[in-house]
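> just a sequence and a predicted model for now, questions to come.
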Amino acid sequence: MAVRPQINLAAKHKEILKEEYSVSDQTIRMVLMYVNNSPKAKEIRKRAKELLEQEANNVVLDESGK
């Protein structure tokens, strides 16, 4: 049985998406679980990926800041 793709976001990122796209908690959950596949859902997932990439770029691996 295939596992459905899913995007896992922190609550702060879900709040950002809710505000930017004027949608509900449930809409964000359904979009991130790939239940909805509308053009707006695809746009929200693209923005979610951008937020994750920004978060990843803030990760400091050692004390030198690298």
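Yep, it's here. Numbers count the residues shown, from 1 in each chain.
> contacting residues around stretch 15-35?
By Cβ atoms under 8 Å, 6 or more residues apart in numbering, the surrounding residues in contact with stretch 15-35 are 4-9, 14, 36, 40-41, 43-45, 47-48, 51. Where C-beta positions appear, they are placed from N, C-alpha and C, glycine not excepted.
> where's the dip in pLDDT among these?
In terms of pLDDT, the lowest of these is R4, showing 82.
> burial of that one, as a residue count?
Other residues lying near R4 total 8 when counted by other Cβ atoms under 10 Å.
> assign a three-state SS to it, would you?
Per DSSP: H, G, I helix; E, B strand; the rest coil, the secondary structure class of R4 is coil.
> and it, what does it touch?
With contacts defined as Cβ under 8 Å, 6+ apart, R4 is in contact with M33, Y34.
> dihedrals phi and psi, it?
Backbone torsions of R4, given as degrees, to the nearest 10, read phi -70, psi 130.
> do V59 as well
For V59, the backbone dihedrals (degrees, to the nearest 10) come out as phi -70, psi 130.
> what's the neighbour count on it?
What V59 shows, counting by other Cβ under 10 Å, is a neighbour count of 6.
> what of L52?
15.
> SS state for it?
Assigned by three-state DSSP, the conformation of L52 is helix.
> tell me which element V23 is part of?
Using DSSP states H and E, V23 sits in no helix or strand.
> for L17, see how far away it is.
The gap separating V23 from L17 is 7 Å, by Cβ to Cβ, to the nearest Å.
> buried subset of the contacts of stretch 15-35?
Among those, the ones that count as buried by 16 or more other Cβ atoms under 10 Å are I7, L9, K14, N36, A41, I44, R45, A48, L51.
> who are the contact partners of the residue nearest the centre of the chain?
Centroid-nearest residue in the chain, with Cα atoms, centre = their mean: A48, separated by 2.9 Å. Contacts for A48 (Cβ under 8 Å, 6+ apart) come out as I7, L9, H13, L17, V31, L32.
> right, I'll call it a day here.
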